[in-house]
Each structure stands twice: as structure tokens, then as C-alpha cells.
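**Student:** quick one, structure for this:
(one chain, ligands or ions: 1)
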Amino acid sequence: MRKKIIFGNWKMNGTNAEVKAFLELVNKNIEKSDVIAGLGLPFTALQTGIDCAKNVKIAAENVHFDKNGAYTGEISIQMLKEIGVEYVIIGHSERREMFNETDVTVNLKAKALLENKMIPIICCGETLQTKEAGQTIAFVNNQINKAYENISKVDALKTIIAYEPIWAIGTGKTATAQDAQDVCLAIRQNLAKIYDQTTADQITIQYGGSVKPGNIKELMEQPDIDGALVGGASLIADDYVALINYSK
Ligand code: PEP
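**Tutor:** Residues are numbered from 1 along each chain as shown. Okay, the predicted model is just below:
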């Protein structure tokens with residue numbers, strides 16, 4: 001049985017004071033439940049997140065794959081581990097589009113995180129142009145094939161995939177629950193080809209793209225959607241709580 005994993009992604013939002021105030025509100029309203037709740041935060045707010053969160057896992061939104069070195073402005077896995085971060089979002093479409101993230105660096109980051117016993121949330125997803133050309137599944141599966149290159153079955157089981165169609169991110173346009181389900185199923189079928197069905201059946205696949213309290217339930221009811229990665233709505237404490245408590 002896969003547990004639902006619902007993470008917010010605050011992107012470049014959130015001072016330490018804002019994160020503290022948010023978590024104080026959220027902590028009171030989130031109980032340990034069947035849902036694993038999480039929050040992706042900017043590097044500067046991670047320590048506050050770790051210190052203040054009760055039943056919320058804290059994720060970084062990026063990391064460098066190398067141990068250390070001359071990479072001005074970058075953050076290493078060791079630096080995140082030292083403060084207790086366990087999850088890292090990698091390959092978000094905003095990083096792919098604006099900051100040169102590629103399938104190769106996503107794979108390097110995933111491998112380095114797994115070697116360090118951390119959990120990568122591997123983002124994939126197509127542009128509107130790719131969708132309109134009917135190439136969604138081929139495109140996404142190619143991203144997944146490259147992300148999982150040289151990752152063992154045992155390690156693959158520890159990963160999370162976030163399927164996020166780019167045209168649905170921050171646009172208010174959500175994929176229909178059926179469309180999101182179809183792509184998540186195709187990703188799982190592809191994972192079964194890379195590994196085997198038993199492995200594929202255990203890997204968490206989230207959907208992301210304009211998820212809100214009003215549409216989360218229908219998305220979570222889909223058999224191959226195991227959670228969500230949520231941008232905009234996760235910034236509002238009441239909405240975040242409603243997302244995590246969607247089944248109550
Ligand atoms: C995201 O940034 O991962 C995302 C899905 O954003 P939004 O929920 O705002 O579409």
C-alpha cells in the first residue's frame with residue numbers, strides 16, 4: 001500500500017519569520033495521519049523549517065551533485081544533511097527552464113542523494129507544445145529513463161516522482177484527474193519496464209500543477225496518483241492544512 005505524500009513547494013518565497021508563523025499555524029492542525037506532509041523551502045529557511053515543523057517533513061528545492069568544490073553559490077548534500085534535511089526536489093521544470101538543469105544533472109543529483117540516504121523528489125513533465133503534439137508519454141518516459149540511469153532497484157524504491165505538466169504549473173489549469181492518472185500510470189508502466197512490476201508498484205508518483213483544496217480529492221482518488229507537489233496553494237496555511245487533511 002503506497003502512502004499518500006503531499007508536499008508544498010514554496011519556491012523563492014518565505015523569510016524565516018514567515019516560515020515560523022506558517023508552521024505554528026499548520027502544526028496545530030496537522031496530525032500524524034496516513035498522509036506524509038512535507039514542505040519545500042528556500043535554503044535560508046530550511047533550518048527554521050526543521051526546528052519548527054512537527055508533522056511536516058522539510059525538503060530543499062535543489063542541491064549540487066558534487067561533494068564540495070569551486071561552485072560559487074551552490075549547496076552540497078552534506079550541508080543539507082547536517083541540518084537534518086531528508087528530501088530534495090530535483091529537476092523542477094523551473095530549474096530546467098531557467099537554471100540549466102538537464103536530464104544528466106537530474107540523474108547525477110538523484111544518484112548522489114541516494115548514496116547519502118536522502119530522498120530525491122524527481123520532477124518530470126511536458127510543455128504545452130509537447131502535449132499538443134501528442135508526445136507527453138514518450139517525453140516523460142524519456143525523462144524518467146534518464147533520471148533512473150544506473151540507479152539500482154533498491155535505491156529506486158526510495159525515490160519519489162512528481163509528474164508536473166509545465167502548462168499546469170501556476171496557471172490555474174489543472175490536468176483532469178483522468179489525464180493525470182493516465183500519465184502517472186504510463187510512468188509506472190515504464191518503471192516496470194526499467195525494473196519490474198513489484199518495484200514499480202511501490203514507487204510514489206505525485207501529481208503537481210495547480211492542485212488546490214477544491215481539486216485534490218478527485219486527484220488523490222486516482223489509482224496511480226500517490227500524492228501531490230503543490231506550489232501556490234501551499235503558501236496559504238489554511239489551504240495547506242486542507243490539502244493535507246483532504247480525506248477528512
Ligand atoms: C509547482 O511549482 O511544483 C507547482 C505545481 O505549482 P502550482 O501548484 O502553483 O501549479
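**Student:** show me the longest helix that occurs in this structure.
**Tutor:** Assignment by DSSP state H gives helix 177-194 as the longest helix of the chain.
**Student:** mind listing what's buried along it?
**Tutor:** For helix 177-194, burial by neighbour count (16 or more other CB atoms under 10 Å) applies to 177, 179-188, 190-191, 194. The way it works is simple: take the backbone N, C-alpha and C, and place the C-beta from them, glycine included.
**Student:** tell me what that helix is packed against?
**Tutor:** Identification of packing neighbours for helix 177-194 by 3 or more CB pairs under 8 Å, 6 or more residues apart in numbering; DSSP states H and E yields helix 136-147, strand 160-163, helix 197-200, strand 204-208, helix 216-220.
**Student:** interface residues of the protein facing the ligand?
**Tutor:** By the rule CB under 6 Å from any ligand atom, the part of the chain lying against the ligand is 9, 164, 169-170, 208-211, 229-233.
**Student:** need the max-distance pair from those residues.
**Tutor:** For these, the farthest-apart pair by CB to CB is Glu164 and Ala233; their separation is 13.8 Å.
**Student:** name the residue of the protein that lies nearest to the ligand.
**Tutor:** Gly231 (2.2 Å; CB to the nearest ligand atom).
**Student:** so that residue makes contact with Ile169?
**Tutor:** Yes - between Gly231 and Ile169 there is a contact at 6.5 Å, judged by CB atoms under 8 Å.
**Student:** any common contacting residues for those two?
**Tutor:** By the contact definition CB atoms under 8 Å, 6 or more residues apart in numbering, Gly231 and Ile169 are jointly contacted by Gly208.
**Student:** filter the residues of the chain next to the ligand down to the ones in strands?
**Tutor:** Cross-referencing the residues of the chain next to the ligand against strands under DSSP state E gives 9, 208, 229-230.
**Student:** give the contact list for the closest residue to the residue of the chain closest to the ligand other than its chain neighbours.
**Tutor:** Using CB to CB, 6 or more residues apart in numbering and skipping residues adjacent in sequence, the residue nearest Gly231 is Asn9, 5.2 Å away. By CB under 8 Å, 6+ apart, the contact set of Asn9 is 39-40, 59, 61, 89, 92, 208, 229-231, 234.
**Student:** kindly recompute the last result at 7 Å.
**Tutor:** By CB atoms under 7 Å, 6 or more residues apart in numbering, Asn9 lies in contact with 40, 61, 89, 229-231, 234.
**Student:** again with Lys217
**Tutor:** Tyr246.
**Student:** swap in Pro213?
**Tutor:** Counting by CB under 7 Å, 6+ apart, Pro213 has contacts 233, 239, 242-243.
**Student:** who wins on neighbours among the residues you listed?
**Tutor:** The most crowded member of the contacts of Pro213, judged by other CB atoms under 10 Å, is Leu243 (24 neighbours).
**Student:** buried residues in the helix or strand bottoming out on mean pLDDT in the chain?
**Tutor:** Here the helix or strand of the chain ranked lowest by mean pLDDT, DSSP states H and E is helix 128-132, holding a mean of 94. Going by neighbour count (16+ other CB under 10 Å), the buried part of helix 128-132 is 130-131.
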